[in-house]
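Engineer: got a predicted structure plus its sequence, pasted below:
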Amino acid sequence: MELEGLHHVTAITADAPANVEFYAGLLGLRMVKKTVNFDAPDVYHLYFGDEVGTPGSILTFFEFPGAAPGRTGAGMVHEIEWRVAGEEALAFWAERLGAAGVRSEAAGPLMGFADPEGLQHTLMTTTVADAPLRPAHPDIPPEHALQGFEGVRAYVREPQKSEPLLHALGFKAGPEGRWDASGPRRHGHLHLDAPPDELAGPPVQGAGTVHHIAWSVADDEELTAFRSRAAQAGARPTPIIDRQYFHSVYFREPNGVLFELASRDIGFDVDEPVESLGTQLKLPAQHEPLRATLEQNLTPLPDPR
């Protein structure tokens, strides 16, 4: 029983329409679900990924309209890493981002850039054998499309405090703060970085920051087992929570990064066919009575494709 890399990464945006334009329009991800924050249903929860919403490709956003910009710091993920096929893909993305006015910086097999709210991304050429999780976009050749997550990087002040929990969850320690979560089919990693000295002030959760990261487990049986491992290692995991498209357990690791364990046995086609994923507002049963009010108050979104 092993974690199959990342399931999804969830961040915060203050501007859902611009967020859709950037991630679905420019980066070419498919919007696979348009729903609401189940715990605060007056705001969107938008999901982007490959064509079918495969775990390992899913980047999600809570929209809090008008939210102030956040500031990364200790206890927060500060960078999301994506796989691409090779040097030609990096060159394609440098040109495409540049044409849209997005500055990028290349360093060998890596290329970094930020979204309009400052969320940092890195594209990297991949050598793993994982199946590429590509979205389809008419302006992006399939061979250059994003291929899913490689990993995430987080700032922590005392990495040694995180080690017992990471070991308990089955992460394998690598060089220079790297921890690998590798299952039979997919691989991912968490890189623990020391916060740079020039960070100004304490961390602030806000627009352009990561809210939490979710690691991929098979089903409720595995969720129960991993929840027990986390508790025995000193974490305080929640009960299993039904998120409609997966089941989840949440807890903070010792340096403050919010972890989720999410199951991959349900999927985003549970309430709409794959062909129309992300085109309609989908609500869980408990929020369906709010539909008329939500459809009136939620920010109108552009067509993601």
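Structural biologist: Happy to help now that I have it. Residues are numbered from 1 along each chain as shown.

Engineer: list the buried residues in stretch 243-261.
Structural biologist: Using 16 or more other Cβ atoms under 10 Å as the test for burial, stretch 243-261 gives 243-251, 253-261. All C-beta atoms are positioned from the backbone trio N, CA, C, and that covers glycine.

Engineer: also stretch 265-276?
Structural biologist: 267-269, 271-272.

Engineer: what about the helices in the stretch 151-300 of the chain?
Structural biologist: 159-168, 220-232, 291-297 (DSSP state H, counting those that start in this stretch).

Engineer: can you flag the weakest of these by average pLDDT?
Structural biologist: Ranked by mean pLDDT, those bottom out at helix 291-297, which scores a mean of 92.

Engineer: which helices and strands sit right next to that helix?
Structural biologist: strand 40-49 (3 or more Cβ pairs under 8 Å, 6 or more residues apart in numbering; DSSP states H and E).

Engineer: residues near Ala285, how many?
Structural biologist: By the criterion of other Cβ atoms under 10 Å, Ala285 has 8 neighbours.

Engineer: how about the one 4 residues further on?
Structural biologist: Using other Cβ under 10 Å, the number of residues around Pro289 comes to 10.

Engineer: for Ser216, same thing?
Structural biologist: Ser216, neighbours per other Cβ under 10 Å, totals 26.

Engineer: same check, this time on Ala181
Structural biologist: 22.

Engineer: likewise for Gly101?
Structural biologist: 7.

Engineer: what separation is there between it and Asp193?
Structural biologist: Remark: distance between Gly101 and Asp193 (Cβ to Cβ, to the nearest Å) = 28 Å.

Engineer: so where's this protein shaky on pLDDT?
Structural biologist: For the chain, applying pLDDT under 70 flags the ranges 198-200.

Engineer: switch to 80 and redo it
Structural biologist: Applying pLDDT under 80 to the chain flags the ranges 127, 197-201, 304-305.

Engineer: circling back to that earlier point, dump the helices of the stretch 151-300 of the chain into TSV; add distance to Ile58 as well.
Structural biologist: Shown next, in TSV, are those (distance: least, Cβ to Cβ, whole Å):
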stretch	distance to Ile58
helix 159-168	22
helix 220-232	17
helix 291-297	22
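
Engineer: which of these sits closest to Gly25?
Structural biologist: helix 291-297 (22.8 Å; Cβ to Cβ).

Engineer: can you give the contact residues for the closest one?
Structural biologist: Outside helix 291-297, the residues that touch it by Cβ atoms under 8 Å, 6 or more residues apart in numbering are 36, 41-42, 281, 283, 287.

Engineer: show me what counts as buried in it.
Structural biologist: Leu294.

Engineer: contact partners for the residue nearest to Gly118 when sequence neighbours are not counted?
Structural biologist: Using Cβ to Cβ, 6 or more residues apart in numbering and skipping the chain neighbours, the partner closest in space to Gly118 is Gly208 (3.8 Å). Gly208 makes contact with 11-13, 69-70, 114-115, 117-119 under the criterion Cβ under 8 Å, 6+ apart.

Engineer: go on, Thr72?
Structural biologist: Contacts of Thr72 by Cβ under 8 Å, 6+ apart are 78, 120, 155, 199, 203, 209.

Engineer: out of those, which is most surrounded?
Structural biologist: Top of the contacts of Thr72 by neighbour count (other Cβ under 10 Å): Thr209, with 24 neighbours.

Engineer: check the spacing between that one and Thr10 real quick.
Structural biologist: According to Cβ to Cβ, Thr209 and Thr10 sit 10 Å apart.
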